[in-house]
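[1] The amino acid sequence is not available; the structure is as follows:
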Ligand SMILES: Nc1ncnc2c1ncn2[C@@H]1O[C@H](COP(=O)(O)OP(=O)(O)OP(=O)(O)O)[C@@H](O)[C@H]1O
């Protein structure tokens, strides 16, 4: 049973064990709750025996009081066991579940995040794990506990009198079949509803993130109207779902109630025919008052367990995604980055890089230039194994990077991307991300070198100022300088700069370029810049166009090439600098 539960609900080994234990304890509790029924039966038999002229062993009231108290202690003990077995274990398991999902996300390639809806992922980690907590502590153990205990009790009662047992238990399979039969229909609706809910959370997230653009374009009202419609649709479908679910579960529970009537009718008939005596009828009638209770909640739980299976399905999808793995130790010979006939596609269909080959040498600045969408940023990300290539090979110091664990590989890279991500933490900690063990002095030295000091000093608490989510309180140029400070602090042998100076004004740009010159000394540098004057000092230029290397050489060589892309881009940019807006 443990293995079955573990597989079915995608649990850890310990989770499987705990759940099996919880099912066992729930079964015992349900059986334990039948004991008071036995005591009542004994008591009533003793009470009615004289009226039927039957001699049965009689006990004093004191014995019944003692038995009643013992029952209370037993039930308390079983409930206590159940609480421990279900609640405590379920919180441990859901914590393990979240940790293992987070571990999985850490190892997944970025292509996975491109394919998946981010709110869907957040729901899987947060809401689905919370739902599993409830499933683990209530739905699953209570359902299986009820089913197993009912089978055991039914077995016992069948051995006493099969006709009465049949009259008592026939509604059980009917009620379960009724609930089960409606599930494929409800499952389809639940899947559809999940999509609608995701559309709403996506919409809310998008609205908050883009509030500035929506307002600037006078679109907030219309956007919110669209969102309102989606929310109302979700509300309607939630009510419909609850209604459908309620109708079928209640119908199944009503079927169970019919069992009391059939037990009475069948019992009276059998008593009249002399097949059973009054006391046996009494026993089945008392049992009928209790035997359906766990089944009533089991029917509600059955529905919830099916919803749990949908949640498990979603979790399994994330768990089964292939992760990026590799050696956790690498010994490169130098730090040349070499692209050999590299092909890559984000979607698995349309190629973004076709057959790219070039070498970025250690100690040199290699600039990637070319028209927008040519694949420059993609190539830089592939060099750091953010994605796995579909064809060819990328090596760092002769080592195939696809064989190296991404975390180990990234120890060799300092990266400054166009989109700087800052965390809701102090400036000091945001820079320290470059090297966790750096001292405050080292952080401050890096900040000075990246020309951050002037603006940090003006912040209310200097380095200890919390800069808000994603550095909301900083300008684009300030954010980019913090990112450069991080890279300086990390001081890795490979430096990837993707439009690193794009958000800087002229004065800061020259200062930061000085800092970058210190940063890149003796290192392998891959530089992406749209401004041709930024790349003019590079050792080598690779021109990427539509996923292919269109030209490569030194800036001096390429500028002389008649009809060349680099030459044309340089000319166009010097012309555009003369552009004045005529008003
Ligand atoms: N995460 C992604 N998922 C799917 N397609 C992507 C993704 N990132 C980029 N692309 C596509 O890959 C192609 C190359 O994009 P890339 O950003 O590498 O070009 P680029 O040369 O750096 O462009 P730019 O100069 O405008 O920054 C483009 O067609 C782009 O739409």
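    Cool, the structure landed. Predicted, not measured: the structure shown is a model, and the values here were computed from it. Numbering: from 1, shown residues only.
[2] Show me what counts as buried in the strand or helix carrying residue 542.
    Using DSSP states H and E, residue 542 maps to strand 540-545. For strand 540-545, a neighbour-count test (16 or more other C-beta atoms under 10 Å) marks 540, 541, 542, 543, 544 as buried. Every residue, glycine included, has its C-beta placed from N, CA and C.
[3] Which residues are in contact with the first one?
    Neighbour list for residue 540: 360, 361, 364, 365, 366, 367, 552, 553, 554 [criterion: C-beta atoms under 8 Å, 6 or more residues apart in numbering].
[4] A ChimeraX selection for those, restricted to the buried ones, would help me check which they are.
    The ChimeraX selection below is limited to those of the contacts of residue 540 classed as buried (16+ other C-beta under 10 Å):
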select :360,361,364,365,366,367,552,553
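[5] Residue 15 and the ligand, how far apart?
    Note on residue 15: its distance to the ligand, by C-beta to the nearest ligand atom, to the nearest Å, is 35 Å.
[6] How many neighbouring residues does that residue have?
    Other residues lying near residue 15 total 23 when counted by other C-beta atoms under 10 Å.
[7] Repeat that for residue 246.
    Counted by other C-beta under 10 Å, the residues lying close to residue 246 total 12.
[8] Please apply the same query to the one 5 residues further on.
    The number of residues packed around residue 251, counting by other C-beta under 10 Å, is 14.
[9] Work out for me the element it sits within.
    Using DSSP H and E, residue 251 falls in helix 220-272.
[10] Give the rounded mean pLDDT of that helix.
    Average pLDDT, helix 220-272: 87.
[11] Could you look up the next helix or strand downstream of it?
    helix 278-291.
[12] Distance from that following helix to the middle of the chain?
    50 Å (C-alpha atoms, centre = their mean, to the nearest Å).
[13] so after that helix, what's the next helix or strand?
    helix 293-319.
[14] what's the model's confidence in that following helix, averaged?
    Here the average pLDDT along helix 293-319 is 82.
[15] From the contact counts, what lies against it?
    Counting contacts by 3 or more C-beta pairs under 8 Å, 6 or more residues apart in numbering; DSSP states H and E, helix 293-319 packs against helix 89-107, helix 118-125, helix 127-134, helix 140-160, helix 171-181, helix 183-209, helix 220-272.
[16] circling back to that earlier point, which one among the buried residues of strand 540-545 gets closest to the ligand?
    residue 544 (6.3 Å; C-beta to the nearest ligand atom).
[17] any idea how far that closest one is from residue 378?
    Counting by C-beta to C-beta, to the nearest Å, the gap from residue 544 to residue 378 is 9 Å.
[18] Determine the number of other residues adjacent to the closest residue to residue 465 other than its chain neighbours.
    In this structure, residue 465 finds its nearest non-sequential neighbour in residue 459, 3.9 Å apart by C-beta to C-beta, 6 or more residues apart in numbering. A count of neighbours around residue 459, defined by other C-beta under 10 Å, yields 17.
[19] just checking, residue 459 touches residue 427?
    Yes. Assessed by C-beta atoms under 8 Å, residue 459 is found in contact with residue 427 at 6.7 Å.
[20] Give the residues shared as contacts by those two.
    Common neighbours of residue 459 and residue 427 (C-beta under 8 Å, 6+ apart) are 465, 467.
[21] Redo the helices and strands packed on helix 293-319 as a markdown table? Include distance to the ligand.
    Output for those, formatted as a markdown table (distance: least, C-beta to the nearest ligand atom, whole Å):
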| stretch | distance to the ligand |
| --- | --- |
| helix 89-107 | 17 |
| helix 118-125 | 13 |
| helix 127-134 | 25 |
| helix 140-160 | 39 |
| helix 171-181 | 42 |
| helix 183-209 | 17 |
| helix 220-272 | 24 |
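[22] now those in CSV, with distance to residue 422?
    CSV is the format used below for those (distance: least, C-beta to C-beta, whole Å):
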stretch, distance to residue 422
helix 89-107, 20
helix 118-125, 18
helix 127-134, 27
helix 140-160, 42
helix 171-181, 51
helix 183-209, 15
helix 220-272, 26
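[23] quick one: which of the ones you listed is nearest residue 406?
    helix 89-107 (7.6 Å; C-beta to C-beta).
[24] which residues sit against that closest one?
    11-12, 14-15, 18-19, 21-22, 121, 124-125, 129-130, 132-133, 136-137, 315, 318-319, 321, 323-325, 406.
[25] Pull out the buried members of those residues.
    Judged by 16+ other C-beta under 10 Å, buried ones among the contacts of helix 89-107: 11, 15, 18-19, 21-22, 121, 124-125, 129, 132-133, 136-137, 315, 318, 321, 324, 406.
[26] sorry, back to before: ok, the strand holding residue 542: who's next to it in the sheet?
    strand 365-369 (parallel), strand 548-553 (antiparallel) (DSSP bridges).
[27] Quick one: closest of those strands to residue 356.
    strand 548-553 (5.6 Å).
[28] What separation do you get for residue 29 and residue 48?
    Counting by C-beta to C-beta, the gap from residue 29 to residue 48 is 30 Å.
[29] out of those two, which sits in the busier spot?
    More crowded of residue 29 and residue 48, by other C-beta under 10 Å: residue 29, with 24 against 14.
[30] Not counting residues beside it along the chain, what's closest to residue 485?
    Using C-beta to C-beta, 6+ apart, the closest residue to residue 485 is residue 450 (3.8 Å).
[31] no, scratch that, I was asking about residue 565
    residue 543 is the one closest to residue 565 (C-beta to C-beta, 6+ apart), at 5.0 Å.
[32] Could you measure from the one you found over to residue 571?
    Counting by C-beta to C-beta, the gap from residue 543 to residue 571 is 14 Å.
[33] and what of residue 42?
    On the measure of C-beta to C-beta, residue 42 and residue 571 end up 104 Å apart.
[34] Also residue 254?
    Counting by C-beta to C-beta, the gap from residue 254 to residue 571 is 84 Å.
[35] now the protein, which segments are flagged as low pLDDT?
    Residue ranges of the chain with pLDDT under 70: 114-116, 118, 124, 469-472, 501-508, 511-512, 515, 576-583.
[36] Surely residue 416 is in contact with residue 484?
    Yes. With contacts counted by C-beta under 8 Å, residue 416 reaches residue 484, the gap being 5.5 Å.
[37] list the residues that contact both of those two?
    Common neighbours of residue 416 and residue 484 (C-beta under 8 Å, 6+ apart) are residue 500.
[38] between the two, which one's more packed in?
    Comparing residue 416 with residue 484 by other C-beta under 10 Å, the one with more neighbours is residue 484, at 29 against 26.
[39] hang on, that one packs against residue 518?
    No. The pair residue 484 / residue 518 is not scored as a contact, 10.8 Å apart, by C-beta under 8 Å.
[40] how many neighbours does the closest residue to residue 289 other than its chain neighbours have?
    Excluding the flanking residues, the one nearest residue 289 by C-beta to C-beta, 6+ apart is residue 37, at 7.5 Å. By the criterion of other C-beta under 10 Å, residue 37 has 17 neighbours.
[41] what about residue 354, how many neighbours?
    Count around residue 354 with other C-beta under 10 Å applied: 17.
[42] Please, which helix or strand holds it?
    Assessed by DSSP H and E, residue 354 sits inside strand 353-360.
[43] quick one: that strand to chain centroid distance?
    35 Å.
[44] can you check stretch 6-13 too?
    Its chain's C-alpha centre and that of stretch 6-13 lie 17 Å apart, by C-alpha atoms, centre = their mean.
[45] list the helices and strands the helix holding residue 251 packs on?
    Helix 220-272 packs on helix 162-169, helix 171-181, helix 183-209, helix 211-216, helix 278-291, helix 293-319, going by 3+ C-beta pairs under 8 Å, 6+ apart.
[46] Check which helices and strands the second one is in contact with.
    Read it as helix 171-181. Going by 3+ C-beta pairs under 8 Å, 6+ apart, helix 171-181 lies up against helix 220-272, helix 293-319.
[47] got the residues of the protein near the ligand?
    114, 346, 352, 372, 373, 374, 375, 376, 377, 378 (C-beta under 6 Å from any ligand atom).
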